[in-house]
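Engineer: Here is the input, now give the coordinates:
(chains A and B)
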Amino acid sequence: MGGKKRILVGLIGLLTMLAWSASAWAVDYGDFSISGWVRNQIALGVTGANPNNSGQDKANLKLFHTSVQLKPQYTISDSVSVFARLIAANEQADWDKNVKSFDAFPKNYPGSWEKSDNHWMVGVKELYMDYDTEMFWLRLGKQQVSWGQSDGLRLLDIVNPLDISWHGANLTEPYLEAFDNLRESLWMARATVRIPYNTETWKDLQLEGIWLPGRFVGTTMPAYGSPYNLVPDIFNQTEEKPHGQEFGFRFMGVFKRVEFSLNYFNHYEDDGLFTNIRPSGTPGYVLDVDVKHPRVDSYGFSLTYDDNMNTKAVYRMEFLYQDRPYEYMNGIDRLGTIKALVGIDRPTFIKFLNPNRTFSLGFQVFDFWVTEGADDLKKNGGHTLSGGSVSEHDYGVSFCVDTGYMQDRIKPNMLFIYNIGKQTHYVQVGTELRFTDNLIGYVGASFFGGGNDNPVNGVNPGSLGYCDEVQTRISYQF
Amino acid sequence: MKLKKRLTTWSMLFCGLLLAVSGAVPAFALTDQQARVPGYAGIEQNPDKFDFTGVPMKIPSSEVERFSNGKIKVGMVITKNNVDGMKNEFIKLTSPGVYNMVKRGMEMVIADYKPWPVPKAYGAVTKANAGKAVISPDGNLRTKDGNWWSGGTPFITVDEKDPQAGIKAWYNQIHVYDGDDFTHDAGYTLFVGPNGQNERTVVTTWDRIFLTSREILPPKPNYDPKIRDIFFKELVYVQAPADLQGFGNLTYRYNDQNKLDDAYAYIPAMRRVRRLTSSQRFDAFVGGDAAIGDFRTLDVPVARWDWKLIDVQPKLTTLFSCDFITENKNAKRNHPTTVGLKFPRMNWRLWPNVYVIEATPKTKNDCGVYSKKVVWAMGGAWKSGLADAYDLQGKLWKTTQNYFYGYGDGKSLDLLSNYETDFYTYDHQADHASPWHIDQVYRKLNVAFTPERFSTKYLQRYGH
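Structural biologist: Residues are numbered from 1 along each chain as shown, chains lettered A, B, ... in the order given. Have a look, this model is predicted:
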């Protein structure tokens, strides 16, 4: 038995022992507790071959991902605790003869605290210490920070990059996986101070600061050959990883009954720009490119208001302004870019469909707006970070709905995103099935469709038809 | 072919492992006999710590017989086999909902009356504020000088001929002694099907601080003179199952009973605090049979409902419904039930003057699922033990109950904490129940929380 198989068998054995002693719940030994799950996810390809993988046929099996996650926590005192999320995973999509062997876990950077090869990975997903008093909270370690108010879209949620290497279809929304499973945890310090000024008008005022000490980590893309590969495998990429700190601030609170946040984040762009594209001298590739991660200033705010007496809905707004870099004449140019979103959430009884449970309805309108010079840039062949052509407005709508039947043991859900400018759409339907407190399943499907006017893959959802899939997921949790 | 074989083998292995692990889960509970710990004896052992104003010290056992024409006696067990012989008397002493539950298998142990007093410090505030409470034209409870109510029972006596008797009795219920803050370490919400089997369980922690109407802990009556609009702040967060672990809910309840709550939730899968609307108070809470609006039998902005007193009657109620403690940190309790876990088998004791109130929403916006709820408030103690809810067609739909256990003994349980566990909802139409077992070991009143703890920061910190 190989070393990694031993690790997996050991982890499964440990989990089984914990489950024996744990009943349906997290194991709790006084100040130490541990919970977790064993999970298997399968995705089956529905439509055509991935054009980014030259010469490969349609992948029937796109994902066969088995993972074990443990979440230990040790509470040292009321103020101090240590939390970790440990993960081991195995990927076997290449059991499908149409999927050539590929690196399923391409993440590789100092400080990732992960070991992997083409099929296996074991690592520390999160590890941090909390120090908390009533007025001050410090979290130190490898962690995730999520700002903003949008559903399924990332405007202010840009502190952590994404790892879309294992189950992501796109560099922009939508994604095939929950953000929590895609966000790459980073080593950072996060401090929150409560401002001791509370009145009937101003409440819950807090100032938060984050500091990332300088080892840049960008978006982790699927490797060439992966069924989810986004980039044509003609490019020989040389990535220039910047060195420098990233930092941000957020001021938040409640004014009357409006919750607000003001945000600033000084950071490097995670996705990277293809620059200096030139004929490749490396066998197997057509072009050489330099991937650059320019520094960006991001300013934003968010607002929410609960109109519970009249429309019975929560209204959300999120806004982001960036001096965003674009590829221009094989170099980089910057244009003011706004991302704005307005959302409405309303739990609604639709009694003939479900008399005892509301449908949670969520509707969003969003616009990504290049405020100046978009036409010039477009005429001259400028590109966005993800390689797409620049347009002045890129706007769309999203609608999601979910409800619960049989005491929430069956929870169907649906997400629909329509990009008005590009006339493309994305539909995700599925249902969660709770067999017991410990055993949970999911069956669903994701489809991309609509116009395909953009020659560059990975930008226009209409070009992502090869990502259509049917998914199953089964988890044993404790 | 090779792929199909591998998929089949791997899937079988994986499912086999899951089944093995699922089957291995032990039933981890002590019986009442194994874990009996005397506990709810605080009143008997320390009568000097309590104020008995407004509640009789003793009621003869024969009173139950008198009110039931001799058909119900202390010590008897009412079951589906004998309830029809006393149907009219039984419904008069309970409710149509309780009758239907007994017909479906619930058993009731009839026990002697016991008084339910309040701690002396609370009683002193009630006496100091006597006569100061008024219902303002907007339906709010205020003092005569226009401020929000400053603590204690607002209306020591409620004249049943008073046109405002219903709303006054209900405000008494809202301001019943609950400490100036409290914590519950673990509440087990069960989802019990028609055959009595448990379908799922959610474990939560529940903390609350009152910012106004404080009676015991300084600062009082208001925690912060600058913030008088908030009645209480509340934190509820999920401990299990693992996929919901860390989900937390922060609620601000306002003194203005025309306003709905402000609510925020931390969603671990998103790593964010999200604003929630509090408008749908009658949506099934985490999928169960009870809604947030059913808590404490009826939890709604008082001014948005009409409260009509139907009668003041003797009733069999669920005060001191259990004589012993079975909970401890490592053992789930196992109180007696019938039809599997569906119906608690508890003590029911006579209470001489229960205010039976018909509560109706002023508009469909205030409640779109019930035509009315018939709620109880026990005169003198002012706790609400039971409510029957009727659907929009006027048919009996749900019965919500609180099973009150008693005050602690000062040793194994805190003396001045009252233990009101087993919030229970039965859906008559679906034959489905949602008992909430609140483990007692870490329930404590008057913890001395600060308002800063009840913040979105705390939601994120504990939600991970």
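
Engineer: Only C-alpha atoms from now on, for both contacts and neighbour counts.
Structural biologist: OK.

Engineer: Show me the shaky parts of chain A.
Structural biologist: A:1-29, A:171-174, A:373-391, A:451-463 (pLDDT under 70).

Engineer: one more time with 50, if that's ok
Structural biologist: Filtered on pLDDT under 50, chain A yields the residue ranges A:1, A:20-24, A:385-386, A:453, A:455-458.

Engineer: Pick out the residue of it closest to chain B.
Structural biologist: Closest contact between chain A and chain B, by Cα to the nearest Cα, is at A:Q407 (4.2 Å).

Engineer: Could I get the full set of helices for the stretch 1-150 of chain B?
Structural biologist: Using DSSP state H, counting those that start in this stretch, the helices of the stretch 1-150 of chain B run over residues B:2-23, B:42-45, B:62-67, B:87-93, B:96-103, B:120-128.

Engineer: Equivalent analysis for the stretch 51-200 of chain A, please.
Structural biologist: A:179-182.

Engineer: quick one: is stretch A:115-125 near chain B?
Structural biologist: No: no part of stretch A:115-125 sits close enough to chain B to count as contact by Cα under 8 Å from any Cα of the partner chain; the gap is at least 12.8 Å.

Engineer: in that stretch, what's buried?
Structural biologist: Neighbour-count burial for stretch A:115-125, counted by 16 or more other Cα atoms under 10 Å in any protein chain shown, picks out A:S116, A:H119, A:W120, A:M121, A:V122, A:G123, A:V124, A:K125.

Engineer: Can you tell me what sits against the helix or strand where B:F232 lies?
Structural biologist: Here B:F232, judged by DSSP states H and E, is contained in strand B:230-240. Here strand B:230-240 makes contact (Cα atoms under 8 Å, 6 or more residues apart in numbering or on different chains) with A:25-26, B:202-213, B:244-255, B:451, B:454.

Engineer: Show me the strands in the stretch 101-250 of chain A, by range?
Structural biologist: With DSSP state E, counting those that start in this stretch as the criterion, the stretch 101-250 of chain A has strands at A:114-116, A:120-132, A:136-143, A:186-194, A:202-212, A:235-240, A:246-255.

Engineer: Out of the ones you listed, which gets nearest to B:H175?
Structural biologist: In terms of Cα to Cα, the element of the strands of the stretch 101-250 of chain A nearest to B:H175 is strand A:202-212, at 24.7 Å.

Engineer: Report the inter-axis angle for that closest one versus strand A:246-255.
Structural biologist: If you take axes from the mean of the first three to the mean of the last three Cα atoms, to 10 degrees, strand A:202-212 sits at 170 degrees to strand A:246-255.

Engineer: which strand of chain A spans the most residues?
Structural biologist: As assigned by DSSP state E, the longest strand anywhere in chain A is strand A:331-348.

Engineer: is it true that B:L190 lies in a helix?
Structural biologist: No: the assignment for B:L190 (DSSP: H, G, I helix; E, B strand; the rest coil) gives strand, which keeps it out of a helix.

Engineer: if I pick it, what's in contact with it?
Structural biologist: B:N198, B:E199, B:R200, B:T201, B:V202, B:S434, B:P435, B:W436, B:H437.

Engineer: Which element, helix or strand, includes the third one?
Structural biologist: Going back to what we said before, that points to B:R200. Assigned by DSSP H and E, B:R200 falls in strand B:198-210.

Engineer: Extract the C-alpha set from that strand and format it as CSV.
Structural biologist: Output of strand B:198-210 as CSV, limited to C-alpha atoms (Å, rounded to 0.1, in the frame of the first residue of the first chain):
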residue,chain,number,x,y,z
ASN,B,198,-37.1,10.8,15.1
GLU,B,199,-36.4,12.0,11.5
ARG,B,200,-33.7,14.5,12.2
THR,B,201,-32.2,16.6,15.1
VAL,B,202,-30.7,20.1,15.3
VAL,B,203,-28.7,21.2,18.4
THR,B,204,-28.6,24.9,19.2
THR,B,205,-27.4,27.3,21.8
TRP,B,206,-29.6,30.2,22.8
ASP,B,207,-28.5,33.3,24.7
ARG,B,208,-30.5,36.5,25.4
ILE,B,209,-30.0,39.8,27.2
PHE,B,210,-32.7,42.3,28.1
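
Engineer: Which pLDDT does the model give the residue in the stretch 151-300 of chain B positioned nearest to chain A?
Structural biologist: Nearest residue of the stretch 151-300 of chain B to chain A, counting by Cα to the nearest Cα: B:G287, 4.2 Å away. Confidence at B:G287, expressed as pLDDT, is 88.

Engineer: That one is in contact with A:K411, isn't it?
Structural biologist: No: assessed by Cα atoms under 8 Å, B:G287 is found out of contact with A:K411, at 9.8 Å.

Engineer: Would you mind listing what in the stretch 151-300 of chain B touches chain A?
Structural biologist: B:191, B:199-201, B:226-229, B:240-243, B:259-260, B:262, B:268-272, B:274-280, B:283-284, B:286-289.

Engineer: Burial check on residue 53, number of neighbours?
Structural biologist: Here I'm looking at chain A. A:N53 sits with 23 neighbouring residues when counted by other Cα atoms under 10 Å in any protein chain shown.

Engineer: that's the other chain; I wanted chain B
Structural biologist: 16.

Engineer: What of B:A124?
Structural biologist: B:A124: 16 neighbours (other Cα under 10 Å).

Engineer: Run the chain-centre distance for stretch B:377-396.
Structural biologist: 12 Å (Cα atoms, centre = their mean, to the nearest Å).

Engineer: measure it end to end?
Structural biologist: 20 Å (Cα to Cα, to the nearest Å).

Engineer: related to what we said a few turns ago, whichever helix or strand comes after the strand holding B:F232 packs against which elements?
Structural biologist: Remark: after strand B:230-240, the chain's next helix or strand is strand B:248-254, criterion DSSP H and E. Strand B:248-254 sits against strand B:230-240, strand B:262-267, helix B:456-463, with contacts defined as 3 or more Cα pairs under 8 Å, 6 or more residues apart in numbering or on different chains; DSSP states H and E.
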